[in-house]
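Novice: Quick one, fold the following:
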Amino acid sequence: MIEGDHASLVEVMLDPTSTTKSIINFAGQAEDAVTRCNGQLESARRVEGAQ
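Specialist: Purely as a prediction, here's the structure:
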């Protein structure tokens, strides 16, 4: 799950209190989550290759 007030972009868009900043923040958090996930995947591949 992406950290923040909303669990998905759909929730951000459906929230009447959302602003453009809410969308930008959600996108930034999603990008960070993808970066972390890719780093963990690469680390797992290195460990798997070392065995």
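Novice: CA only for contacts and neighbour counts going forward, please
Specialist: OK.
Novice: Assign Thr17 to helix, strand or coil.
Specialist: Put simply, Thr17 is coil when judged by DSSP: H, G, I helix; E, B strand; the rest coil.
Novice: so where's the longest helix in this protein?
Specialist: Counting by DSSP state H, the longest helix found in the chain is helix 20-50.
Novice: and that helix, what other elements does it pack with?
Specialist: In terms of contacts (3 or more C-alpha pairs under 8 Å, 6 or more residues apart in numbering; DSSP states H and E), helix 20-50 is packed against helix 9-14.
Novice: With just CA atoms, put the helix it packs on into CSV.
Specialist: Presented in CSV, the C-alpha positions along helix 9-14 are these (Å, rounded to 0.1, in the frame of the first residue of the first chain):
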residue,chain,number,x,y,z
LEU,A,9,-5.6,7.2,-7.3
VAL,A,10,-9.3,6.5,-7.7
GLU,A,11,-9.8,7.4,-4.0
VAL,A,12,-7.9,10.6,-4.6
MET,A,13,-10.1,11.5,-7.6
LEU,A,14,-13.4,10.6,-5.8
